[in-house]
Every structure is written in structure tokens, then in C-alpha cells.
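> got a predicted structure plus its sequence, pasted below:
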Amino acid sequence: MILATSDRHRKPGEIHKPYSRVLGYIEQVKPEYWIQLGDIDEMAWFDFPTIYDDPVAREEIEREKRIATVMKVIRVPGNHDEGIGDFWKLLYPIRVVGPTYSLEGVEFSHGHQFDPVTNHIWTPLTRNRFIKRRLPQLYLKLYGTPGYVGCISRDRWRMLVELYNEHYERLVLGDGISRCFGHTHFPFVTTWTDNRILANAGSANDGTWLEITKGKCELHSIGEK
């Protein structure tokens, strides 16, 4: 079984209970592969040594490294941790690859590689959550002028995201490859009639992950209790 998580965005001194529960699940079920789909460490705001030297972050990283002694842990860099390969010695036995990794007929990547064609921009919000600030073409079609997150309701943003995901699916599945990725923080699984998979692991901070077994992909969530 392959298990995939994404978008931890680890910062110094920060704990997310849902992610801790996901780690506990991984330790329990022991998948053959754990694929980390990028943006695991928040290197857009901090350099990795600063994160690694923090006691809280270090404890979590060491836990991930212990997991990597009993299963294969593969890390694919994202746009917030593209330089992580320079620090592979600090992560060993976690294996840093990239920008994509193919396994059992599925291509794993962070997903930011498609930004030039999907044309979205991110704005950081509170509580380590991210949402699309603008989706220019779709937003203009729906609302006439670009705007900020606070200008429209949560339901309208959800509708916009659903439209965006449909657009995204057409673009990234055009070459006939099954793909699992993260980046957008919005988890979903789509299986096409020819059994190709398009799946998003969401954000590990929300306690979501993907499991791929014998060509089938399922989305799981552990949440916070």
C-alpha cells in the first residue's frame, strides 16, 4: 500500500494535532511506501536549519525519520520547500527526489508544476490555512471583477474551487497519466472510466491523506479529537 500526505508547512514551535494523529496511523498500519508530496517544511518563510534547530520541529522530523527506518519514505519537493534536497543528510533515511516520482503507474508530484496553465495565486490566511486569492478567468466570469477572499461567501468560494478543480482535471489528465498531488489544500479523488486516477491529498494539517492499493485510490481523514 502507498500512503501519501502533503502540505504540512512545518514551522518552528508549531504543532498540529491532526498531523500527529496521521503519523500515529502511519506507524500503526506500516504502508510499504509513504510519499510526502511537498511543502512539508515552510522554507518560504524560514530556512531549513532554523526549522531543524527548533526543538518542537526537530522532534517531529526525528519521528518521521524513525518511520523511514521501517518503510520507504519518499519526499517530493513543493514550491515552499524546493531547496530541501540540499539538506538530505539531515533527513536521511527519508529519500528526497523530485520534482516527480512514479510508482505503480501513478505519478506523484506537489502539483505546483501546473500553475502556469491553471493561473492561480495564493494568499496566506490565519491558522496556517491557504485559499486561492484569485482565479482570474473563472472569477471574472462569475463575479465581473477580481476581489479578495473576504468579499465573497464561503459557499461561493467552494463553488469556485469546484469549477477550478474541473478545469484542473482536464489539464493534468490530458496526457493519460494517473497523478496524485497536493498544493491546493483541497482533497479529492477522481477515478476515470479508463481507471486513471487524479487525486489530491489536501493538507496534512487537516488530517487528510491518500491510500493507493492495487490501482485504487481512497481519501482518508482522521481529524482532531
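Received it, and whenever you're ready, just let me know what you need. Numbers count the residues shown, from 1 in each chain.
> sketch out the low-pLDDT regions of the protein for me.
Along the chain, the parts satisfying pLDDT under 70 run over 115-176, 193, 223-225.
> show me where it has its helices.
Listed in chain order, the helices of the chain (DSSP state H) span 17-29, 48-53, 55-67, 88-91, 115-118, 136-143, 154-172.
> report the buried residues of the first one.
Residues 18-19, 22-23, 26 are the ones in helix 17-29 that count as buried (16 or more other C-beta atoms under 10 Å). From N, CA and C alone the C-beta is placed, and that goes for glycine too.
> reformat those into a markdown table and put distance to residue 65 next to each item.
Shown next, in a markdown table, are those (distance: C-beta to C-beta, whole Å):
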| residue | distance to residue 65 |
| --- | --- |
| 18 | 20 |
| 19 | 15 |
| 22 | 16 |
| 23 | 12 |
| 26 | 13 |
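> for these, which one is nearest residue 49?
Residue 49 has its nearest neighbour among those in residue 19, at 21.5 Å by C-beta to C-beta.
> ignoring the adjacent residues along the chain, who's closest to the closest one?
residue 204 (4.8 Å; C-beta to C-beta, 6 or more residues apart in numbering).
> what does residue 183 give?
residue 111 (3.5 Å).
> pull the most distant pair out of the buried residues of helix 17-29.
18 and 26 (12.9 Å).
> that older thread, show me the contacts for the residue nearest to residue 183.
The contact partners of residue 111, taken as C-beta atoms under 8 Å, 6 or more residues apart in numbering, are 37-38, 78, 181-184, 200.
> top of the residues you listed by number of neighbours, please.
residue 182 (32 neighbours; other C-beta atoms under 10 Å).
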